[in-house]
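*Asks:* From the sequence below, what's the structure:
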Amino acid sequence: MRRVLFTASTYSHIVNFHRPYLRAFKQRGWQVDVACGGAAMAIPEADHVIHIPFEKTMTSLQNVNAMLRLRRQIHAQRYELVSCHTSLASFFTRMAVRGMWRRPKVVCTAHGYLFVDGSPGKDQVLLGGAEALAAPVTDLLLTMNSWDDQYARAHKLGRRIAKIPGIGVDFSRFSPVSEDERSHIRSSLGFGPDAFLLVYAAEFSKRKSQKVLIRALSKLPDNVGLLLPGRGGLLDECRDYAEYLEVSHRVVFPGQAADMNPWYAAADCAVSSSRSEGLPFNIMEAMYCGLPVVATDVKGNCDLVRSEQTGLLFPFGDDGRCARQVMRLLEDPELAGRLAKAGQDAVRPYSLEAVLPQILDQYNRLIPLGTPMQEPVSS
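*Replies:* Residues are numbered from 1 along each chain as shown. Okay, here's the model as predicted:
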């Protein structure tokens, strides 16, 4: 039987983004294994799940142990193909493969390099150097945005490099709600019909920069509210920051949201304060749901949002400019409607239905996958 191994730093990454691809391999008769770390989650499409305790810090000795365990697993199972995801797991997976006499073909998906122009020098050296070190065993590198693609090609980070439109969003999860339902959701969150609600679903981390939005909120009228679904290490710090700026009554911290449909339905505008992205699901989902977008002018975001055409952009960290862009939408409903409609049209090519065949074609060009027993279906 042909065997493929998918790797990622966390179970949640595999569950949230890759189950349709595991299923596609299964439908072609492959044994599908997954190696990942973090909190355990069910992955029903996998034949075997191997827990690998990755540590977030690149230099942790625990990751060396993870690499050695991966190497033993890959050697024992003689995988024909390895598909690696997330920066840390991708690096250590490729280091596990490096030097093998009969190694599998390796596909690495760059979900967004964590170093960009202006990053601290140590990040450029450590993270950029890691990608260069892994390049010789990267048979196929898949990039998602223009900056990453140009960087990868300039530095020859893969034997073959192909740009893909993300990994596909399952838009079937989102459906319109009635005005009564929308009013009920907003009321349950403590907001009336005159409120203008912003939404940003993201992990609470330094890179996602929710504090910028909280500062921007303090410069906006009292009828503007901010919905911040998500969890992460900086959640409590952001709660305290909202208290400090005396806007906590206008910010909702609901924790992790399993279903984002109600949150997009409640909102009037989607925002993003991120330092960098790959090709962000939160923006694509919000655009599909008909929300105008105000986002940082950074890689990933600007691949999706064309300034003044499908959304509005502001410089990273500039809470004042962010507030002014939101005010434009608040004061000009016609502009908000035009941007929302254009964004909704622009995001359709990023659907799972459109993207999955493109990615499978890239795999197939590297190594023939075989004919599916039935067509893959989305999760």
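*Asks:* going forward, measure contacts between C-alpha atoms and count neighbours the same way
*Replies:* Will do.
*Asks:* tally of neighbours for Pro357?
*Replies:* 15 (other C-alpha atoms under 10 Å).
*Asks:* Now for the protein: which helix has the highest residue count?
*Replies:* helix 61-77 (DSSP state H).
*Asks:* how about that helix: buried residues?
*Replies:* Within helix 61-77, the residues scored as buried using 16 or more other C-alpha atoms under 10 Å are Asn63, Val64, Ala66, Met67, Leu68, Arg69, Leu70, Arg71, Gln73, Ile74, His75.
*Asks:* do the same with stretch 319-332
*Replies:* By neighbour count, and taking 16+ other C-alpha under 10 Å as the criterion, the buried residues in stretch 319-332 are Asp319, Gly320, Arg321, Cys322, Ala323, Gln325, Val326, Leu329, Leu330.
*Asks:* So which of those is the closest to Val305?
*Replies:* Distances from the buried residues of stretch 319-332 to Val305 were compared by C-alpha to C-alpha; the smallest belongs to Gln325, at 13.7 Å.
*Asks:* Can you tell me the element the closest one falls in?
*Replies:* Take DSSP states H and E as the rule and Gln325 turns out to sit in helix 319-331.
*Asks:* got the contact list for that helix?
*Replies:* Under the criterion C-alpha atoms under 8 Å, 6 or more residues apart in numbering, residues 196, 212-213, 215-217, 219-220, 294-295, 312-315, 335-336 lie in contact with helix 319-331.
*Asks:* The residues you listed, buried ones only, as a ChimeraX selection?
*Replies:* For selection in ChimeraX, the members of the contacts of helix 319-331 meeting the burial criterion (16+ other C-alpha under 10 Å) are listed in this command:
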select :196,212,213,215,216,217,219,220,294,295,312,313,314,335,336
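*Asks:* Same list as before, the buried residues of stretch 319-332 that is, but in JSON lines and with distance to Val247 and pLDDT included.
*Replies:* As requested, the buried residues of stretch 319-332 are exported to JSON lines (distance: C-alpha to C-alpha, whole Å; pLDDT from 0 to 100):
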{"residue": "Asp319", "distance to Val247": "15", "pLDDT": "98"}
{"residue": "Gly320", "distance to Val247": "16", "pLDDT": "98"}
{"residue": "Arg321", "distance to Val247": "18", "pLDDT": "98"}
{"residue": "Cys322", "distance to Val247": "16", "pLDDT": "98"}
{"residue": "Ala323", "distance to Val247": "14", "pLDDT": "98"}
{"residue": "Gln325", "distance to Val247": "19", "pLDDT": "98"}
{"residue": "Val326", "distance to Val247": "17", "pLDDT": "98"}
{"residue": "Leu329", "distance to Val247": "21", "pLDDT": "98"}
{"residue": "Leu330", "distance to Val247": "18", "pLDDT": "97"}
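*Asks:* okay if I get those residues as TSV plus distance to Glu308?
*Replies:* Below are these laid out as TSV (distance: C-alpha to C-alpha, whole Å):
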residue	distance to Glu308
Asp319	19
Gly320	18
Arg321	14
Cys322	14
Ala323	16
Gln325	10
Val326	13
Leu329	11
Leu330	15
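*Asks:* from those residues, which is closest to Gly128?
*Replies:* Using C-alpha to C-alpha, Asp319 is the member of the buried residues of stretch 319-332 that lies nearest Gly128, at 29.4 Å.
*Asks:* so how far is Ile214 from that closest one?
*Replies:* When distances are taken as C-alpha to C-alpha, to the nearest Å, Asp319 and Ile214 turn out to be 8 Å apart.
*Asks:* What ranges does the stretch 1-150 of the chain have for its strands?
*Replies:* Across the stretch 1-150 of the chain, reading from the start of the chain, the strands by DSSP state E, counting those that start in this stretch fall at 3-10, 31-37, 48-51, 81-84, 105-109, 140-143.
*Asks:* Lys208: which of these is closest?
*Replies:* Between the strands of the stretch 1-150 of the chain, strand 3-10 lies closest to Lys208; by C-alpha to C-alpha that is 18.4 Å.
*Asks:* what helices or strands is the closest one leaning on?
*Replies:* With contacts defined as 3 or more C-alpha pairs under 8 Å, 6 or more residues apart in numbering; DSSP states H and E, the packing partners of strand 3-10 are strand 31-37, strand 81-84, helix 87-97.
*Asks:* pLDDT of the first one, averaged?
*Replies:* Meaning strand 31-37. For strand 31-37, the per-residue pLDDT values average out at 97.
*Asks:* again with stretch 195-210
*Replies:* What stretch 195-210 shows for mean pLDDT is 96.
*Asks:* pLDDT at the residue of the chain positioned farthest from its centre, what is it?
*Replies:* In the chain, Trp101 marks the outermost C-alpha relative to the chain mean, sitting 34.3 Å out by C-alpha atoms, centre = their mean. Predicted confidence (pLDDT) for Trp101: 88.
*Asks:* if I look at it, how far off is Leu141?
*Replies:* Trp101 sits 21 Å away from Leu141, going by C-alpha to C-alpha.
*Asks:* what's the answer for Cys36, then?
*Replies:* As for Cys36, its distance to Leu141 is 20 Å (criterion: C-alpha to C-alpha).
*Asks:* Please give me every residue in contact with His51.
*Replies:* Shown in contact with His51 (C-alpha under 8 Å, 6+ apart): Ala35, Cys36, Gly37.
*Asks:* Looking at the buried residues of stretch 319-332, which is nearest Thr57?
*Replies:* Of all the buried residues of stretch 319-332, Asp319 has the smallest distance to Thr57: 29.6 Å, by C-alpha to C-alpha.
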